[in-house]
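>>> from the sequence below, what's the structure:
(2 chains)
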There are 2 protein chains.
Amino acid sequence: MDTHFAFLFKFTFINKKRMSQIFRTHLEKFIKINDEDFEKIFSFFEVKVFAKKVNLLEEGQICKHNYFVLNGLLRKFFINEKGTEQITEFAIETWWMTDNISYEHKVPSEFHIQTVEKSEILVISSDAQEKLLEEFPVMERYFRFVYQRAYAANQMRVKYIFSLSKEDFYFNLLKKQPAFVQRVPQYLIASFLGFTPEYLSEIRKRIVS
Amino acid sequence: MDTHFAFLFKFTFINKKRMSQIFRTHLEKFIKINDEDFEKIFSFFEVKVFAKKVNLLEEGQICKHNYFVLNGLLRKFFINEKGTEQITEFAIETWWMTDNISYEHKVPSEFHIQTVEKSEILVISSDAQEKLLEEFPVMERYFRFVYQRAYAANQMRVKYIFSLSKEDFYFNLLKKQPAFVQRVPQYLIASFLGFTPEYLSEIRKRIVS
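Numbers count the residues shown, from 1 in each chain, chains lettered A, B, ... in the order given. I've put the predicted structure just below:
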C-alpha cells in the first residue's frame, strides 16, 4: 500500500466511522443498542454522497428509498399549476425524508426530492427497511418515535399556516431556526413559505430599516 | 339478578365485546396477536362514552391521554387571534387523536379536543401507553404504522393547502370523503377549511345551480 493510498483508505475509514456515529447517536436518543447489533443494523444502509441539485426522486416515480441526512440539506417540492416549485419540506442533519405515501404503497409520487447542498446521505430501500424491522424489532420503536415527532411537528405547521400572517410565518421561522434561514438560499425559503422571492425580499428590507 | 338487570348486564357485555372487536380488527391490520395478549393489551385502555360537545382537552392543559374513536367524532381546534375556532383535525372511527407535542413532552397544549357527536372512545394515559409499549413491544410496530400514515396524510394535506384554491379544497374533500361531509355540520367543515360558514354556503349554492 503506497502512502497516498494508505492516506485515502484511512480518510475514508475515519469518515465512514464518523458518519455511522452520527446515526448511532440519533438511534440512541430513542433505543439502547450494543456494538454488534449496531454494526448489523448499519449494514442495511448505504452511505452515499450526492452533489448539489441532484434529484433523488422525481414526480411520477415510485419512491423506493428513505433518506437520513448525515450532512447536507434536502428539499421536497411539487410543481404547482403555475409551473412554480412549491417546497413542502426541508431535511437537515439527522432528519429523515421520503415520500411516505409512495414509499409505503408503491404508488407514483407527486413530489420531487433534491439535494440543496452537497450531501452525505444514509439510504435504505423499502425492501431493506422491511427486513431490518423484521430482524431488529427494536427499530420499530426508533421509527415510531421518528414518525410520532414528524407528525407532531406537522400538526404545529398546520396551526401556523392557519394562524400566522405571511410575514409572521417568516419571523417565526427566523426566530426558531436562525441558522437554517442563514444557510438556505432565500428563493428556497420563499418557496417553502409560499411567497414570491420579491415578497420575501421586501419583508427583509423592512426588518433592516 | 332480576330480568331488567340481566338485560342491562348482557347489553353492556355485548357492547364491550363489540367495541374491543373494533380495536382488535384495527390492530390486526398491522400486527398479529393472540387472544390472551389482546386481552392484556386491551386492559391498558378504558372505554368511555362521552356526550356531544364534551371537552376532552382545553388549551393550557397538559394532554395526558391518547384517544381512539370506536364510534363517534372528535375535532381538534385552536382559538385564533380573531377569537374564532380554527379546526385543524377531525377523528372518525378507528382514528387516533391527541395533541402529540403536549402528550409526549408534558407541556401545556395549544389546542382543544372536543366531541362533535356522542362518542365511544378508547382512552389510554401516557403512563399506561409507556407501560404497554414496554410489556408488548409489538405495539411499537402498531403505533409506528399509525404515526407513519398520519404523517403521510399530513404531507398530502400541506400539499393541498398550497396547491388548491379554497373552492377546490372543498370539492376535494367532498370527492374523497362524501359521507364525512354529509355527517359533519357545515360550520365545522367551514372551520376546518379556513372558510367562513357564509363562504361555504355560497360555494354549495353554486354546486346546486
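
>>> going forward, measure contacts and count neighbours with C-alpha atoms only.
OK.

>>> next, count neighbours for the nearest residue to A:F68 once chain neighbours are set aside.
Once flanking residues are discounted, A:F68 sits nearest to A:W96: 4.4 Å by C-alpha to C-alpha, 6 or more residues apart in numbering or on different chains. Residues within reach of A:W96, counting by other C-alpha atoms under 10 Å in any protein chain shown, total 21.

>>> gap between A:W96 and chain B?
In this view, A:W96 and chain B are 12 Å apart by C-alpha to the nearest C-alpha, to the nearest Å.

>>> now swap in A:G194 and tell me
7 Å.

>>> now stretch A:78-90: how far from the chain's centre is it?
17 Å (C-alpha atoms, centre = their mean, to the nearest Å).

>>> does chain B have contacts with that stretch?
Yes - Stretch A:78-90 reaches chain B (C-alpha under 8 Å from any C-alpha of the partner chain) through A:78, A:80-81, A:86, A:88.

>>> let's have the residues you listed in CSV, adding pLDDT.
Converted to CSV, those look like this (pLDDT from 0 to 100):
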residue, pLDDT
A:F78, 96
A:N80, 90
A:E81, 86
A:Q86, 94
A:T88, 94
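
>>> what mean pLDDT would you report for whichever strand or helix holds A:E134?
In the assignment (DSSP states H and E), A:E134 maps to helix A:126-135. Mean pLDDT, helix A:126-135: 98.

>>> may I have it as PDB, with CA atoms only?
Output of helix A:126-135 as PDB, limited to C-alpha atoms (Å, rounded to 0.1, in the frame of the first residue of the first chain):
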ATOM      1  CA  SER A 126     -38.200  -0.100   1.300                       C
ATOM      2  CA  ASP A 127     -37.400  -3.800   1.000                       C
ATOM      3  CA  ALA A 128     -34.300  -3.500   3.100                       C
ATOM      4  CA  GLN A 129     -36.200  -1.400   5.700                       C
ATOM      5  CA  GLU A 130     -38.800  -4.200   5.900                       C
ATOM      6  CA  LYS A 131     -36.100  -6.800   6.500                       C
ATOM      7  CA  LEU A 132     -34.400  -4.500   9.100                       C
ATOM      8  CA  LEU A 133     -37.700  -4.200  11.000                       C
ATOM      9  CA  GLU A 134     -38.200  -8.000  10.900                       C
ATOM     10  CA  GLU A 135     -34.700  -8.800  12.100                       C
END
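
>>> for that helix, buried residues please.
A:126, A:129, A:132-133 (16 or more other C-alpha atoms under 10 Å in any protein chain shown).

>>> of these, which is the nearest to B:P197?
A:S126 (43.6 Å; C-alpha to C-alpha).

>>> what's the distance between that closest one and A:E39?
Distance, A:S126 to A:E39, using C-alpha to C-alpha, to the nearest Å: 19 Å.

>>> the helix holding A:E134: what's the following helix or strand?
Past helix A:126-135, the next helix or strand by DSSP H and E is helix A:138-163.

>>> how about that next one, does it get close to chain B?
Yes - where contact is defined by C-alpha under 8 Å from any C-alpha, part of helix A:138-163 touches chain B, namely A:138, A:140-141, A:143-145, A:147-155, A:158-159, A:162-163.

>>> if any of these are buried, put those into a ChimeraX selection.
Per 16+ other C-alpha under 10 Å, the buried members of the residues of helix A:138-163 next to chain B correspond to this ChimeraX selection:
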select /A:138,140,141,143,144,145,147,148,149,150,151,152,154,155,158,159,162,163
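
>>> mind giving me the packing neighbours of the host helix or strand of A:N172?
When elements are assigned from DSSP H and E, A:N172 belongs to helix A:166-176. Contact partners of helix A:166-176 among helices and strands, from 3 or more C-alpha pairs under 8 Å, 6 or more residues apart in numbering or on different chains; DSSP states H and E: helix A:186-193.

>>> distance from the chain centre to the helix it packs on, please.
16 Å.

>>> interface residues of chain A facing chain B?
Residues of chain A that fall close to chain B, judged by C-alpha under 8 Å from any C-alpha: A:78, A:80-81, A:86, A:88, A:99-101, A:137-138, A:140-141, A:143-145, A:147-155, A:158-159, A:162-163, A:194.

>>> tell me where the model's unsure across chain A.
Scanning chain A for pLDDT under 70 picks out A:1-14.

>>> confirm A:R75 sits in a helix?
No - looking at A:R75 with DSSP: H, G, I helix; E, B strand; the rest coil, it is strand, so not inside a helix.

>>> any residues touching stretch A:58-66, and which ones?
Residues from elsewhere that reach stretch A:58-66 (C-alpha atoms under 8 Å, 6 or more residues apart in numbering or on different chains): A:57, A:78, A:96-99, A:102-103, A:106-113, A:123-126.

>>> my bad, should have said stretch A:16-25
Residues contacting stretch A:16-25 (C-alpha under 8 Å, 6+ apart): A:38, A:42, A:47, A:70, A:94.

>>> could you do stretch A:188-204 as well?
A:85-89, A:166-167, A:169-170, A:181, A:186-187, B:162.

>>> of those - the most surrounded one?
Busiest of the contacts of stretch A:188-204 [other C-alpha under 10 Å] is A:I87, holding 24 neighbours.

>>> go ahead and confirm it touches A:N80.
No - with contact defined as C-alpha atoms under 8 Å, A:I87 does not count as touching A:N80 (10.0 Å).

>>> residue nearest the middle of chain A, spatially speaking?
A:A91 (2.8 Å; C-alpha atoms, centre = their mean).
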